[in-house]
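K.L.:
Quick one, what's the 3D model for this:
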Amino acid sequence: MNYRRKDCMSRRAVLSAALLALGAAAVATAVSQSSAQQKISQAEAKYQDTPKGDQHCDACVNFQAPNGCKFVQGEISPSGWCQLFAKKT
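P.N.:
Numbers count the residues shown, from 1 in each chain. Here you go, the predicted model:
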C-alpha cells in the first residue's frame, strides 16, 4: 500500500516550525529584558533630590508618578532634578 498524504506535514517540518517559534519567543524575551535594563544610575544622570530653579522631576516628560523615571534607576523625588530633564508641554 502506498500511504502518500499530501495534506500532512512531515516530522521535520513540524520540528522546524516549533524551533522557529521557540527562537522567536526567546528573541522577544531578550528584547523586552534589554529594554527594561537600559536605565542609568542616578549618579550618571547627575540626579539630585532638589529642584534646579523651576525644573523639577514632576514637570518632566520622563517622570513616572509617584516616584519613578523612564531613564533613571531607583526612587525619584517629584521635586528632584537631573540632566535628562525635558519639560512637559
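K.L.:
Can you pull the poorly scored residue ranges out of the protein?
P.N.:
1-9, 15, 17-37 (pLDDT under 70).
K.L.:
can you give me the helices for it?
P.N.:
11-36 (DSSP state H).
K.L.:
any idea how far residue 63 is from residue 52?
P.N.:
14 Å (C-beta to C-beta, to the nearest Å). C-beta here means a position set from N, CA and C on the backbone, and glycine is covered the same way.
K.L.:
neighbour-wise, which of those two wins?
P.N.:
In this view residue 63 and residue 52 are compared by other C-beta atoms under 10 Å, and residue 63 has more residues nearby, 22 against 13.
K.L.:
May I have the residues that are in contact with the closest residue to the more buried one other than its chain neighbours?
P.N.:
In this structure, residue 63 finds its nearest non-sequential neighbour in residue 57, 4.7 Å apart by C-beta to C-beta, 6 or more residues apart in numbering. By C-beta atoms under 8 Å, 6 or more residues apart in numbering, the contact list for residue 57 reads 63, 69, 76-82, 85.
K.L.:
Adding distance to residue 44, write those out as JSON lines.
P.N.:
Putting the contacts of residue 57 into JSON lines (distance: C-beta to C-beta, whole Å) gives the following:
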{"residue": "63", "distance to residue 44": "17"}
{"residue": "69", "distance to residue 44": "12"}
{"residue": "76", "distance to residue 44": "14"}
{"residue": "77", "distance to residue 44": "17"}
{"residue": "78", "distance to residue 44": "20"}
{"residue": "79", "distance to residue 44": "20"}
{"residue": "80", "distance to residue 44": "15"}
{"residue": "81", "distance to residue 44": "14"}
{"residue": "82", "distance to residue 44": "9"}
{"residue": "85", "distance to residue 44": "14"}
